[in-house]
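Asks: after the sequence you'll find the predicted model.
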Number of protein chains: 2
Amino acid sequence: MQAGAWMSKKRCRIGVVAPASRMSAEVAERVPALAGSLYPDRPPEIVFHPQCFASHGHFAGDDETRAHAFLDIANHESFDAVWFARGGYGSCRMADAVMCRLTQPARRKVYLGYSDAGVLLAALYRAGFEAVAHGPMAQDILRDTGDAAVGRALAWMVDRSPEALEPTVGRVEKTAAFNMSVLSQILGTPLQPVLDGHVLMLEEVGEAMYRIDRLLFHITSNAAIRRVSGIMLGRCSRITPNEPDFGMNEEEIARYWCLRSGIPWLGRADIGHDADNKIVPFGSPP
Amino acid sequence: MQAGAWMSKKRCRIGVVAPASRMSAEVAERVPALAGSLYPDRPPEIVFHPQCFASHGHFAGDDETRAHAFLDIANHESFDAVWFARGGYGSCRMADAVMCRLTQPARRKVYLGYSDAGVLLAALYRAGFEAVAHGPMAQDILRDTGDAAVGRALAWMVDRSPEALEPTVGRVEKTAAFNMSVLSQILGTPLQPVLDGHVLMLEEVGEAMYRIDRLLFHITSNAAIRRVSGIMLGRCSRITPNEPDFGMNEEEIARYWCLRSGIPWLGRADIGHDADNKIVPFGSPP
C-alpha cells in the first residue's frame, strides 16, 4: 500500500457516501464535531457527498446516483478514505456499475463499512484492493455510546490505530468479516469473495433463530467458504421471536454447522451491529 | 416412470412426513375425511408417519428422526407418494442424510410439497427423480378454502389430474417452482438444482419488499440460474412493511432483475403460499 495521510500525518480527507439507505442529516453535524474534538490539532476533513441525503424509494438516490457518488469519492485523488454512511439495503444494485469504473486513485484508499456495505467490501477485496475493512459507519454516531464507534472508525482511517482492531486481527494470517445475511446473498454470484485461509467473522441483527440457522447452513455448505481457516461468531443482536423456541442459541448453532461442515470453530468475535463493533481488515493486517 | 396407483386405478397409498416443522394434529383428521368424501369408491390411504407429531425445539423431531421418517416412507415398496406435511424450516438439516440412503423404491414415487420442502424437491430432482412436484401440503387444509388446496394435491397424487396443474405447465418444455428464500439459501451449495432451460416460477411470503429485491438479485445473479428459459412470478403474500416505502412492487422488481440479468420475463404464475397454489412438476410434464 502507498503512503497515505495516516503515515505522513498530513490532514486526512475522508469522503462519505451512502450506497444503500439514506443517511440522517444529524450525522453530518455530529460526526465532524466529534472529529474536531478528537483531533484538535489535525482534524480530519470529512466530506459528506450530497448523495448521502438523496432519496429514491428505499434508497439514498437511484442506482446510478449512488454509483456516481461512490466513484466521485473513490476515483478522486484528494481523498484518503471512502467511508460508508450507513447500511440498510442497496449496495448489490450498484456494485457492478462501480467496479467496472474504478481508477487507480481508488486503489490507494481505505474503505470502511459493514452490514449492507459488505457487498462492496467483498467486491473491492475480490478486485485486489488492499485496505478494505469491516467496521463502524458514520450513522453509528446515532447509537447509544455511538461516539465510541465513530471514534474507532476515525482512529482507523486517520492513524491505523491498532487499538481499533478486533483482538484476533494480527494473531492470525488473514481475516474477513460479514453480516451473515449479506454474505449469504452474494454466495454463488460473481461478488462472492475468495476467503481461503481467512478467519471469517460473522454477525447478525434482527433475524429469528431459525434464520440464523438457515444462514449458517447456507454459508457453511458452500465449497469455497469451506476453505476458510475457521469461523468466529460476532454478536447476534435484536433476535426476533422464534415460534416455537428454536432450542439452540446462536453459538450452539454456529458450533453445530462448523462441526457438520468441518470448518474449525474459533470462538467469539468482537463485532456486531452495535457501538462496540471493532475493525476487521480484509486479508492480512496492514 | 413406472406405472403407479394413478395408472392402475388401485388404491393410492400416500405417506406423509414432516421434514421441517411439526404438523397440527387436526390435519390428520381432516385430510382423510376430505379424501374419503372426494374419492368415495377408492379413497386413497393416507398414512401420517408418527414423526409428523414429534417435537424437538423448532422441528418435528430431531434431524435424525425426521430423516428416518422420510426414508421409512420413501424406501417402502407399498407407498405411491411422499407428501410433505408442511413447511416451516428444517429440510436443509436432514437432506444430506436422506439423499445418501434412498433406495430403488424411492425412485418410483411422487413427491409433493413447497416452501421449505423445496430443499428436498431440489435434492431429489437433482438426483434424477422423475415425479417431483411443487404444490399443496397436508397442513394447507387449515387455510381458508384449504379443502381446495388439499383436493388439488390429492388429484395430482391419485390421478395425475391435469386440472391440478399450473396453466403454463405443458405449454413449455420444462418447469420448476420455488419459494424465493428457499432457493436463495441453496444457491452455491451441493443442493442447488440444475434448471437450464426451465421456466422458473418463484413465490414468496412474509418478507419485506427490500428482501424480495435482494432475493431476486441473488437468484438472478447466479450464472447457472441465468440458464433458465425464463422467470415467472407467483404470488408474494403477507409482504411486511418496508421503511421507507420501497418504491416498486414485486412485479416491477422481478421485471427489473430479469432485465438486468438477461433472463426472459414470462409474466405471472399461479402459485403461492395460499389455497390457490397450483401444481408445478419439476422437469417435463409427466
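Replies: Cool, got the structure. Since the structure is predicted, the reported quantities are computational estimates derived from the model, not experimental observations.

Asks: alpha carbons only for contacts and neighbour counts from here, please
Replies: OK.

Asks: residues contacting residue A:71?
Replies: Residue A:71 is in contact with A:98, A:101, A:102, counting by C-alpha atoms under 8 Å, 6 or more residues apart in numbering or on different chains.

Asks: residue ranges of the strands in chain A, please?
Replies: A:13-17, A:45-48, A:81-84, A:110-113, A:132-134, A:175-179, A:199-205, A:230-237, A:265-268, A:280-281 (DSSP state E).

Asks: any idea which of these is most buried?
Replies: strand A:280-281 (a mean of 30; mean count of other C-alpha atoms under 10 Å in any protein chain shown).

Asks: just to revisit the earlier point, ok, so of the contacts of residue A:71, who is nearest residue B:68?
Replies: Lowest distance from residue B:68 to the contacts of residue A:71 (C-alpha to C-alpha) belongs to residue A:98, with 49.5 Å.

Asks: so what's the closest one closest to, chain neighbours aside?
Replies: residue A:67 (5.6 Å; C-alpha to C-alpha, 6 or more residues apart in numbering or on different chains).

Asks: surely that neighbour meets residue A:96?
Replies: No. Between residue A:67 and residue A:96 there is no contact under C-alpha atoms under 8 Å: 9.0 Å.

Asks: tell me how many other residues surround residue A:33.
Replies: By other C-alpha atoms under 10 Å in any protein chain shown, 12 other residues sit near residue A:33.

Asks: and it, what does it touch?
Replies: So residue A:33 contacts nothing (C-alpha under 8 Å, 6+ apart).

Asks: what's the pLDDT at it?
Replies: Per-residue confidence (pLDDT) for residue A:33: 98.

Asks: roughly how far apart are it and residue B:131?
Replies: 66 Å (C-alpha to C-alpha, to the nearest Å).

Asks: ok, now residue A:85?
Replies: From residue A:85 to residue B:131 the distance is 50 Å (C-alpha to C-alpha).

Asks: more neighbours, the two?
Replies: residue A:85 (28 against 23).

Asks: between residue A:67 and residue A:96, which has more neighbouring residues?
Replies: residue A:67 (24 against 15).

Asks: tell me the confidence at the more buried one?
Replies: Confidence score, pLDDT, at residue A:67: 98.

Asks: equivalent analysis for the one 4 residues further on, please.
Replies: Note on residue A:71: pLDDT of 98.

Asks: likewise residue A:10?
Replies: Here, the pLDDT recorded for residue A:10 equals 80.

Asks: for residue A:5, same thing?
Replies: 54.

Asks: pLDDT on stretch A:127-137, on average?
Replies: Stretch A:127-137 comes out at a mean pLDDT of 98.

Asks: same check on stretch A:49-62?
Replies: On average, stretch A:49-62 scores 98.

Asks: that one near chain B at all?
Replies: Yes. For stretch A:49-62, a contact with chain B is found by C-alpha under 8 Å from any C-alpha of the partner chain, at A:56, A:57, A:58.

Asks: could I get those residues in CSV, plus columns for neighbour count?
Replies: Converted to CSV, those look like this (neighbours: other C-alpha atoms under 10 Å in any protein chain shown):
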residue, neighbour count
A:56, 16
A:57, 17
A:58, 22
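
Asks: out of these, which is nearest to residue A:271?
Replies: For these, the closest approach to residue A:271 (C-alpha to C-alpha) belongs to residue A:58, at 26.2 Å.

Asks: how distant is stretch A:224-236 from the center of its chain?
Replies: Here the centre of stretch A:224-236 is set off from its chain's centre by 16 Å, with C-alpha atoms, centre = their mean, to the nearest Å.

Asks: cool, and stretch A:156-169?
Replies: 14 Å.

Asks: likewise stretch A:64-83?
Replies: Remark: stretch A:64-83 is offset 16 Å from the chain centroid, using C-alpha atoms, centre = their mean.

Asks: check which residues of that stretch are buried.
Replies: By neighbour count on 16 or more other C-alpha atoms under 10 Å in any protein chain shown, the buried set for stretch A:64-83 is A:65-75, A:79-83.

Asks: taking the residues you listed one by one, which sit in helices?
Replies: Per DSSP state H, helices hold the following members of the buried residues of stretch A:64-83: A:65, A:66, A:67, A:68, A:69, A:70, A:71, A:72, A:73, A:74.

Asks: burial count for the residue nearest to residue A:64 when sequence neighbours are not counted?
Replies: With sequence-adjacent residues excluded and distances taken as C-alpha to C-alpha, 6+ apart, residue A:64 is closest to residue A:94, at 7.1 Å. By other C-alpha under 10 Å, the residues close to residue A:94 number 21.

Asks: check what pLDDT residue A:94 gets.
Replies: Listed pLDDT for residue A:94 reads 98.

Asks: so who does it touch?
Replies: Here residue A:94 is in contact with A:19, A:63, A:64, A:66, A:67 (criterion: C-alpha under 8 Å, 6+ apart).

Asks: measure the third one to residue A:51 for me?
Replies: From residue A:64 across to residue A:51, the span is 11 Å (C-alpha to C-alpha).

Asks: show me what residue A:169 is bridged to.
Replies: Beta-bridge partners for residue A:169, by DSSP bridges, are residue A:172.

Asks: residues in contact with residue A:192?
Replies: Here residue A:192 is in contact with A:122, A:123, A:126, A:183, A:186 (C-alpha under 8 Å, 6+ apart).
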